[in-house]
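Participant: sequence first, then the predicted structure:
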Number of protein chains: 2
Amino acid sequence: MRERMVVIGADAAGMSAASQARRRRSPDDLEIVAFERGGFTSYSACGIPYWISGDVPDRDALVARTPAELRTAYAVDVRMRTEVEAIDLDRREVVARERETGRDVRCGFDVLVVATGAVPVRPELPGVDAAGVFGVQTLDDGVAVREALDAGARRAVVVGGGYIGVEMAEALVKRGLRVTLVERAAEPMSTLDPDMGRLVREAMLGMGIDVRSGQTVQGFAVADGRIRAVVTERGEVAADLVVLGIGVRPNTGLAAAAGLPLGPTGGLRTDRRMRVSGVEGVWAAGDCVETYDLVARQPVHVPLGTHANKQGRVIGINVGGGYATFPGIVRTAVSKVCELEIARTGLREADVERAGLRCVTATVDSTTRAGYYPGAAPITTKIIAEKSSGRLLGAQIVGREGAAKRIDALAVALWAGLTVDDMTGLDLGYAPPFAPVWDPVLITARKAQEAVEADLRRGVTEASCTER
Amino acid sequence: MRERMVVIGADAAGMSAASQARRRRSPDDLEIVAFERGGFTSYSACGIPYWISGDVPDRDALVARTPAELRTAYAVDVRMRTEVEAIDLDRREVVARERETGRDVRCGFDVLVVATGAVPVRPELPGVDAAGVFGVQTLDDGVAVREALDAGARRAVVVGGGYIGVEMAEALVKRGLRVTLVERAAEPMSTLDPDMGRLVREAMLGMGIDVRSGQTVQGFAVADGRIRAVVTERGEVAADLVVLGIGVRPNTGLAAAAGLPLGPTGGLRTDRRMRVSGVEGVWAAGDCVETYDLVARQPVHVPLGTHANKQGRVIGINVGGGYATFPGIVRTAVSKVCELEIARTGLREADVERAGLRCVTATVDSTTRAGYYPGAAPITTKIIAEKSSGRLLGAQIVGREGAAKRIDALAVALWAGLTVDDMTGLDLGYAPPFAPVWDPVLITARKAQEAVEADLRRGVTEASCTER
């Protein structure tokens, strides 16, 4: 008998699940219905800043699969601008409202995929709902920012110095705006340790971005319903455009109301096959789920397109009759702000303490290519290794062209549980256009290994965690 | 009592050993004497093509440490243009001839480091010793090629389409010469499988390099002692400059004459601490030794600066009283010819058969960045996985900017013994400027994993090794 799979959210996670399931099961065997409250499907949310900046000229380029393509190529019955309002687990159906007609529809399911994504955190501060204050989470949000730019915004304040914050700062600088970035922490990019975040701040200042770190937004000054300035404890920063980049939280209201289990991070709790724990036939993936940090060995919420795609694919394979798992992540992330490349994986120093571990670190300034080769660019690599064992715990990179993707070798080493001693022998690619004869990764591993040894020799029990 | 370490060969391997030993032992404890037959120390042989091309304007930039620096900063007594002619293991001394004076000197040792490098293979063909026929192994060789270019060479033939061959082809094209590359195999870059080598040939043809693969050099036509043409079975190719890039062999005549053990590859045989097997106090590193292929599980000779440096460092640590090993390699290599980037690691399909294994493969065309992001460039990734087990055996990449160093993630996966199934979950860095949401490495691992599964389902015992 034909089954029906209902997918809530027609973006990366949901449509990866749908397309993989479709590869394995024909429309005669599996009907797929997807509800999308927004106006776009399967788009690259990570690409939005680059469309806002103009680097990507065509908005449609961000859309991997349009509703029409999903319908014809994957036989997915996509219901656009239709928001699921309730999941009825007893009756095995969802209730959805068509936003244009206001009409409610009911749709039964055999298999349910919850892929409701995340929503930007909006601080409960005066003026936060003024016109001109934007989150940048969906393509609809991106359209709104573009409209504000086209309407003549000149001064922008980005609140929050994480990935979205620094990428939006770059985008707005490229569009010719005066950009201020306000960040509560001492340094931007708090996914890095502060010593590496300092390099990001210095580089952003050099790009003409007014970075105000260590400042807290206390409210938004509004005139005639429009944003006029961002208020911090040090005064006002004039703005006719504000971007909130202070993070997102899993969008789980619907799931929670249905009694689906949430984990400690607030994301839906699933097993490694992406089944919602304890609920037969219900799966979840993407920014609405929590995943597992393989290094810290604890649940974590990391909304990132690459995880969403992998998790969705795992669901599709499993629903399709195969066997696949998503074991977790090591928190790899790469980003750029103008010419600066930023990368991280694994634990920061603060995470190490929190995980009850102890570490040594090594930080090395080197070049992306042989020093004598044209285009050799600076790269700073930091490695964090467990005391005594020398096990790799994390790494961070800040540098110029060719720096960021070096994190991949470190991410695989972390995944595989290598020690920094193992890593000194790694056979990484060497030729002058691509690396110094000692790749920055290798030389930092060497220094970290020396730090582990020196620490063992000292036999110390210092609280301090840093060797430089 | 002060010991004396004698190093034969003052390039990467030898001087890495010397500098590491010096970090751990003072001149009062360890005297270091180095004999170098050439005119340069510690230079980047891999950088020679880029100096010839003019990309690296200054020859001295290739020299990491001059003799003067070695003497003052490392207290190494470097004897330049002094060639060791004999090793006397019984008397624990070497005999060396000063090339300028013709004088022989004897020098006793407590510790001997053999770092005699490699010599280019010169085919025993008529005319091979004519003026204008060059190997490119040492910086002295590079100087000779530059002189020939300055003297007005216009037509160049590169014999051999390996790393040195394609890099020299690029260099000579950049210098404005008409360049022909003659390669015996069906495709250049025989360190790749032929299907990937074909991509290299096509790209080189597009760069105006006349690639004549599947042709064998039969001799060199000479006029007045100078090269006039390269002769193949298909006729003559006019040339006033010929570069031999048909490989190198370990330079072990001196070591063999002293009775030091050579392995099946012709390189000196050492243990993992780089001690010459069975000979107390004698160490060897670099292009003169054989190392161990961790994937094929057999000895291999791979002359490459990065191995030489690592091996030399291992000797220096061990001589200095520490403990270090060089476990072997996975045969990672990266190269470029003009805008084309080439990378490989592990076994090729032909190696798989030779190692008595069986494989499936997957090859994927993708882009280096998100398809919509400016600068997204083509990349073709091939993964070779063991049948049934799915263990990663090798990988190859051909593409444009941003392609080659992706091999590092694969090299670490190979090093760690991951399966392609493991690899589908790898947490590699994703952001639109750096990768598509499915990194080419991940998507190729996925395809390889699907090939492993499909093969298992078929339960076949076909001889064919390829899935595409």
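Facilitator: Good, I have the coordinates.

Participant: helices and strands of chain A: which one bottoms out on pLDDT?
Facilitator: strand A:118-120 (a mean of 89; mean pLDDT, DSSP states H and E).

Participant: and it, how far out from the chain's middle?
Facilitator: Relative to the centre of its chain, strand A:118-120 is centred 11 Å away, using CA atoms, centre = their mean, to the nearest Å.

Participant: and that strand, which residues are buried?
Facilitator: By 16 or more other CB atoms under 10 Å in any protein chain shown, the buried positions in strand A:118-120 come out as A:118-120. C-betas here are computed from N, CA, C, even on glycine.

Participant: repeat for stretch A:205-216
Facilitator: Neighbour-count burial for stretch A:205-216 [16+ other CB under 10 Å]: A:209, A:211-213, A:215.

Participant: contacts for that stretch next, please.
Facilitator: A:161, A:169, A:173, A:178-188, A:201, A:204, A:232-234, A:237, A:337-340 (CB atoms under 8 Å, 6 or more residues apart in numbering or on different chains).

Participant: which parts of chain A are helices?
Facilitator: A:12-24, A:48-53, A:67-74, A:139-150, A:163-174, A:194-206, A:253-257, A:305-319, A:349-354, A:407-415, A:420-424, A:440-458 (DSSP state H).

Participant: how about JSON lines for these, with mean pLDDT and distance to B:E353 added?
Facilitator: Shown next, in JSON lines, are the helices of chain A (pLDDT from 0 to 100; distance: least, CB to CB, whole Å):
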{"stretch": "helix A:12-24", "mean pLDDT": "97", "distance to B:E353": "32"}
{"stretch": "helix A:48-53", "mean pLDDT": "93", "distance to B:E353": "45"}
{"stretch": "helix A:67-74", "mean pLDDT": "95", "distance to B:E353": "39"}
{"stretch": "helix A:139-150", "mean pLDDT": "93", "distance to B:E353": "50"}
{"stretch": "helix A:163-174", "mean pLDDT": "94", "distance to B:E353": "46"}
{"stretch": "helix A:194-206", "mean pLDDT": "96", "distance to B:E353": "47"}
{"stretch": "helix A:253-257", "mean pLDDT": "97", "distance to B:E353": "52"}
{"stretch": "helix A:305-319", "mean pLDDT": "97", "distance to B:E353": "31"}
{"stretch": "helix A:349-354", "mean pLDDT": "93", "distance to B:E353": "46"}
{"stretch": "helix A:407-415", "mean pLDDT": "98", "distance to B:E353": "27"}
{"stretch": "helix A:420-424", "mean pLDDT": "96", "distance to B:E353": "30"}
{"stretch": "helix A:440-458", "mean pLDDT": "95", "distance to B:E353": "32"}
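
Participant: out of those helices, which one sits most buried?
Facilitator: helix A:407-415 (a mean of 29; mean count of other CB atoms under 10 Å in any protein chain shown).

Participant: surely A:R92 touches A:C107?
Facilitator: No. Using CB atoms under 8 Å, A:R92 is not in contact with A:C107; the gap is 10.0 Å.

Participant: on that earlier part again, of the contacts of stretch A:205-216, buried ones?
Facilitator: Counted by 16+ other CB under 10 Å, the contacts of stretch A:205-216 give A:161, A:169, A:173, A:179-183, A:185, A:187-188, A:201, A:204, A:232, A:237, A:337-338, A:340 as buried.

Participant: in strands only, show me the residues you listed.
Facilitator: In strands, defined here by DSSP state E, the members of these are A:179-183, A:232, A:237, A:337, A:340.

Participant: which members of those residues are the farthest-apart pair?
Facilitator: A:T232 and A:L340 (24.5 Å; CB to CB).

Participant: picking that back up, what's the closest of the buried residues of strand A:118-120 to chain B?
Facilitator: Nearest to chain B out of the buried residues of strand A:118-120 is A:A118 (CB to the nearest CB; 16.2 Å).

Participant: any idea how far that closest one is from A:A223?
Facilitator: For A:A118, the distance to A:A223 (CB to CB, to the nearest Å) stands at 31 Å.

Participant: burial of the residue lying closest to A:V114 once chain neighbours are set aside, as a residue count?
Facilitator: In space, and not counting its chain neighbours, A:V114 is closest to A:A284: 4.1 Å by CB to CB, 6 or more residues apart in numbering or on different chains. Neighbour count for A:A284, taken as other CB atoms under 10 Å in any protein chain shown: 33.

Participant: now do the one 5 residues further on
Facilitator: Other residues lying near A:V289 total 32 when counted by other CB under 10 Å.

Participant: shouldn't it be in contact with A:A255?
Facilitator: No. Counting by CB under 8 Å, A:V289 sits too far from A:A255 to count as a contact (9.5 Å).

Participant: any common contacting residues for these two?
Facilitator: With CB under 8 Å, 6+ apart as the test, A:V289 and A:A255 both reach A:L268.

Participant: what helices or strands is the least confident helix or strand of chain A leaning on?
Facilitator: If you count contacts as 3 or more CB pairs under 8 Å, 6 or more residues apart in numbering or on different chains; DSSP states H and E, strand A:118-120 packs onto strand A:248-250.

Participant: the strand it packs on close to chain B?
Facilitator: No. Using CB under 8 Å from any CB of the partner chain, strand A:248-250 stays clear of chain B, with a minimum separation of 15.9 Å.

Participant: what's next to that strand, contact-wise?
Facilitator: So strand A:248-250 is contacted by A:118-121, A:137, A:262, A:265-268, A:287-290, A:301, A:303 (CB under 8 Å, 6+ apart).

Participant: which of those residues sits closest to chain B?
Facilitator: A:P303 (12.3 Å).

Participant: count the neighbours of that closest one for me.
Facilitator: For A:P303, using other CB under 10 Å, the count is 21.

Participant: wait, it touches A:T116, no?
Facilitator: No. With contact defined as CB under 8 Å, A:P303 does not count as touching A:T116 (11.5 Å).

Participant: spit out the residues that contact these two alike.
Facilitator: With CB under 8 Å, 6+ apart as the test, A:P303 and A:T116 both reach A:G286.

Participant: how about low-confidence regions in the stretch 151-300 of chain A?
Facilitator: Judged against pLDDT under 70, the stretch 151-300 of chain A has no low-scoring part.

Participant: what parts of it come near chain B?
Facilitator: So far as CB under 8 Å from any CB goes, the stretch 151-300 of chain A lies against chain B at A:Y163.

Participant: now with 10 Å?
Facilitator: Neighbours of chain B within the stretch 151-300 of chain A, by CB under 10 Å from any CB of the partner chain: A:163, A:167, A:170, A:272, A:291, A:294.

Participant: which residues does the first one contact?
Facilitator: To tie it back to what came earlier, the one meant is A:Y163. Contacts for A:Y163 were tallied using CB atoms under 10 Å, 6 or more residues apart in numbering or on different chains; they are A:46, A:49, A:189, A:191, A:245, A:247, A:304, A:333-337, A:342, B:431.

Participant: what's the closest of the helices of chain A to B:A403?
Facilitator: Going by CB to CB, the one of the helices of chain A nearest B:A403 is helix A:407-415, 13.0 Å.

Participant: tilt between the closest one and helix A:440-458?
Facilitator: 40 degrees (axes from the mean of the first three to the mean of the last three CA atoms, to 10 degrees).
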